[in-house]
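[1] Give me a model of this one.
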Amino acid sequence: MVRRLNAAFETHPVASIACLLTSEMASIYGAHALLLAAHADIPASFAVAFALSRTLRRARLPAELALAAGLARLVPALRAVRVTALLNALPAPRAATSAQLTTSRWGRWLGRAGSAARATVDRYGAAYFVAARYLGVGIVLTLYGALGTGIDVAAYLERLGASPALGTTLGTWAAAVTMSSAVYPATVVLAGLAAPAVGRTGTALLRRVRPPSPSA
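    Alright, predicted model coming up:
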């Protein structure tokens, strides 16, 4: 499976990114549809917990790295997935833009940050992304539990002018996004399996629309 994922990411990076985005959106909307079909009553406090967790994304980086290191040792196959191969699909900056970035202070900082991020992903592979998603789920659930210990979030939101229906709607959506993060490994696998077929189909369609010019 690791070889198939790496081959898909290296050979069809654009299709892999498209499949990853499509699979994740499908998992979010699918989870949302399941919650609606089950008439799940997700309180507004879950949406508040989800929003609070977003503010901790930078502060939780050390915990993500520690969890990624442990997960990589526990499941070595995750470390072997070459996620950075997807960077080949990103357009290279123009020469003038690249020169401006290397001469400006902001550009140098951005370059160092990008190099550090790539080194981290190279070191841990898919383990980093899985660890980050599961840590995020854990933080949301922890904050939700903390809010349920005596804070009447619904009453507070009503004083701010938000209706109970809006709170439930936001809570259901936040729960759907959290459920999608919980199945993130399956999303990556499905995207990697579908990417080669999508890439070959896209290439064939482009050849039909823009046939190669005859040689002189």
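[2] Residue 10 versus the closest residue to residue 12 other than its chain neighbours, what's the distance?
    Spatially, and ignoring its direct neighbours in sequence, residue 12 is nearest to residue 199 (3.2 Å; CB to CB, 6 or more residues apart in numbering). The way it works is simple: take the backbone N, C-alpha and C, and place the C-beta from them, glycine included. Distance of residue 199 to residue 10, given as CB to CB, to the nearest Å: 11 Å.
[3] quick one: which of the two has more around it?
    residue 199 (19 against 13; other CB atoms under 10 Å).
[4] Please enumerate residues in contact with the helix or strand containing residue 132?
    Applying DSSP states H and E as the criterion places residue 132 in helix 126-147. Contact with helix 126-147 is made by 45-46, 48-50, 52-53, 56, 60, 63-65, 67-68, 70-72, 75, 78-79, 81, 83, 120-121, 124, 153, 174, 178, 181-182, 184-185, 188, as judged by CB atoms under 8 Å, 6 or more residues apart in numbering.
[5] which ones are touching residue 183?
    Residue 183 neighbours (CB under 8 Å, 6+ apart): residue 27.
[6] again, 10 Å this time
    23-24, 27, 30-31, 133, 190 (CB atoms under 10 Å, 6 or more residues apart in numbering).
[7] Which one (most neighbours) among those residues?
    Top of the contacts of residue 183 by neighbour number is residue 23, holding 23 neighbours under the definition other CB under 10 Å.
[8] Wait, that residue touches residue 187, no?
    Yes. Between residue 23 and residue 187 there is a contact under CB atoms under 10 Å: 4.5 Å.
[9] Need the residues touching each of the two.
    residue 180.
[10] Going by neighbour count, which residues in the helix or strand containing the residue nearest to residue 12 are buried?
    Assigning secondary structure by DSSP H and E places residue 199 in helix 184-209. By neighbour count with 16 or more other CB atoms under 10 Å, helix 184-209 contains the buried residues 184, 187-192, 194-196, 198-199.
[11] Where in this structure is the helix or strand with the lowest mean pLDDT?
    Least confident helix or strand of the chain, by mean pLDDT, DSSP states H and E, is helix 95-103 with a mean of 50.
[12] Residue 137 and residue 53: what is the separation?
    Separation of residue 137 from residue 53 (CB to CB): 9 Å.
[13] Also residue 167?
    Taken as CB to CB, the span from residue 167 to residue 53 is 17 Å.
[14] hang on, the earlier thing: give me the common contacts of residue 199 and residue 10.
    residue 16.
[15] Touching both of residue 137 and residue 53, which residues are there?
    Each of residue 178 lies in contact with both residue 137 and residue 53 under the rule CB under 10 Å, 6+ apart.
[16] which stretches of this protein aren't confidently modelled?
    For the chain, the stretches with pLDDT under 70 are 88-118, 120, 150-166, 210-216.
[17] can you pull the buried residues of the strand or helix carrying residue 52?
    Residue 52 is part of helix 44-54 when elements are defined by DSSP H and E. Residues of helix 44-54 classed as buried by neighbour count (16+ other CB under 10 Å): 44-50, 53.
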